[in-house]
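J.: coordinates only, no sequence provided:
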């Protein structure tokens, strides 16, 4: 970010000159991790200095410790590193504590996505709350091309699901997503009827085994006797996700820890009734448009889901409230608020 004469601003988008390794070979992942830190702490400062930047803004935790005529602003999405350190390897925890936190404390502002995230970050890092700025995110712009939606029938056939006859969850299947509890709640619902209803879990398992709930999820599905009713899609393209959102009956978000929860907004965008866990940031994002449940109480979860299943009027009312709630979230609004933060800095 560079302030120009008058009220104008200029942005320089600075990136690495080398392709980023995204494979799973451990040695190359370690090399990539080291290269990432080198880029953030040495190369980025030089590039920002050469462009005469006033502000270096990074959309993750890590900003340069070195200040060469500019100030830095990081984005702290959550406090997971502090809340669940057992899910992260030492090669991530060490630089986070030794680099990310000290660099953030040198920054005039740190952007966070919710008031909940702000409170947690202030609590664990000791960073003054006045430096933490809440800027809400917007929904992801999924591909909604009409020709792409023409492939929906093929997708549904591949997963043996029917339109408007499945409960949807979207996201990488981390432990904190609480998916086994959702499967057990779904089992209770199936026991009371709904022979055609399915549960679609759209997303892949994380590569980090410390964060993955793969074995427990698969065991829960097997033990539930619902192998044909619980669908694990694996990785899907944005277009495929859009198809699933558009044709779902409802969206259920049972996570026990979220810094924001963008799928809530995505579900609102596709007119879905949304049910969320009554904890962390989810009620803050969902507001009065969502129905809340106790994520640690299977009976409560299944009861709330069943109440929405059985009431078409309630589903319509929740979808309408979701549209109203969505109006308060957009990336354009977030961008304008970010620019105001940059202006304060310079």
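T.: Structure received. Computed from a predicted model, the values in this text were never measured in an experiment. Residues are numbered from 1 along each chain as shown.
J.: gap between the two ends of stretch 157-171?
T.: Start-to-end span of stretch 157-171 (C-alpha to C-alpha, to the nearest Å) is 21 Å.
J.: what does stretch 141-161 give?
T.: End-to-end distance for stretch 141-161, by C-alpha to C-alpha: 24 Å.
J.: over to stretch 244-255?
T.: End-to-end distance for stretch 244-255: 20 Å, by C-alpha to C-alpha.
J.: for it, what is the distance to the chain centroid?
T.: Taking C-alpha atoms, centre = their mean, to the nearest Å, one finds the center of stretch 244-255 at 15 Å from the center of the full chain.
J.: now swap in stretch 168-175 and tell me
T.: Its chain's average C-alpha position is 10 Å from that of stretch 168-175, according to C-alpha atoms, centre = their mean.
J.: how many neighbours does the nearest residue to residue 138 once chain neighbours are set aside have?
T.: Leaving out its chain neighbours, the residue that sits closest to residue 138 by C-beta to C-beta, 6 or more residues apart in numbering is residue 331, at 3.8 Å. Just so you know, the C-beta spots here come from the backbone N, C-alpha and C atoms, and that holds for glycine as well. By other C-beta atoms under 10 Å, the residues close to residue 331 number 14.
J.: pretty sure residue 331 contacts residue 137?
T.: Yes. With contacts counted by C-beta atoms under 8 Å, residue 331 reaches residue 137, the gap being 7.4 Å.
J.: could you work out the end-to-end span of stretch 123-137 for me?
T.: Distance across stretch 123-137, first residue to last, is 22 Å (C-alpha to C-alpha).
J.: residue 252 looks like it's in a strand, true?
T.: Yes. Applying DSSP: H, G, I helix; E, B strand; the rest coil, one finds residue 252 inside a strand.
J.: how near is it to residue 135?
T.: Distance, residue 252 to residue 135, by C-beta to C-beta, to the nearest Å: 27 Å.
J.: okay, these two: which has more neighbours?
T.: residue 252 (25 against 17).
J.: any idea what that one is bridged to?
T.: Taking DSSP bridges as the rule, residue 252 bridges to residue 275.
J.: that one: what's it in contact with?
T.: The contact partners of residue 252, by C-beta atoms under 8 Å, 6 or more residues apart in numbering, come to 167, 168, 169, 182, 274, 275, 276, 301, 305.
J.: hmm, try it at 10 Å
T.: Counting by C-beta atoms under 10 Å, 6 or more residues apart in numbering, residue 252 makes contact with 167-169, 182, 185-186, 199, 267, 272-277, 291, 293, 301, 304-305, 308.
J.: could you do residue 73 as well?
T.: 1, 55-59, 63, 104, 107-111, 131, 133, 338, 341-342, 345.
J.: from these, keep the buried residues only.
T.: For those, a neighbour count by 16 or more other C-beta atoms under 10 Å gives the buried set as 1, 55-58, 63, 104, 107, 109-111, 131, 133, 338, 341-342, 345.
J.: please flag which of those sit within strands.
T.: 55, 56, 57, 110, 111, 133 (DSSP state E).
J.: got a markdown table for those residues, with pLDDT and distance to residue 230 too?
T.: Below are these laid out as a markdown table (pLDDT from 0 to 100; distance: C-beta to C-beta, whole Å):
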| residue | pLDDT | distance to residue 230 |
| --- | --- | --- |
| 55 | 96 | 47 |
| 56 | 97 | 45 |
| 57 | 97 | 41 |
| 110 | 98 | 39 |
| 111 | 98 | 37 |
| 133 | 98 | 40 |
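J.: need the max-distance pair from those residues.
T.: Using C-beta to C-beta, these reach their maximum pairwise distance at 56 and 133, which is 16.0 Å.
J.: is it true that residue 250 touches residue 186?
T.: No. Residue 250 lies out of contact with residue 186 (C-beta atoms under 10 Å); the separation is 11.9 Å.
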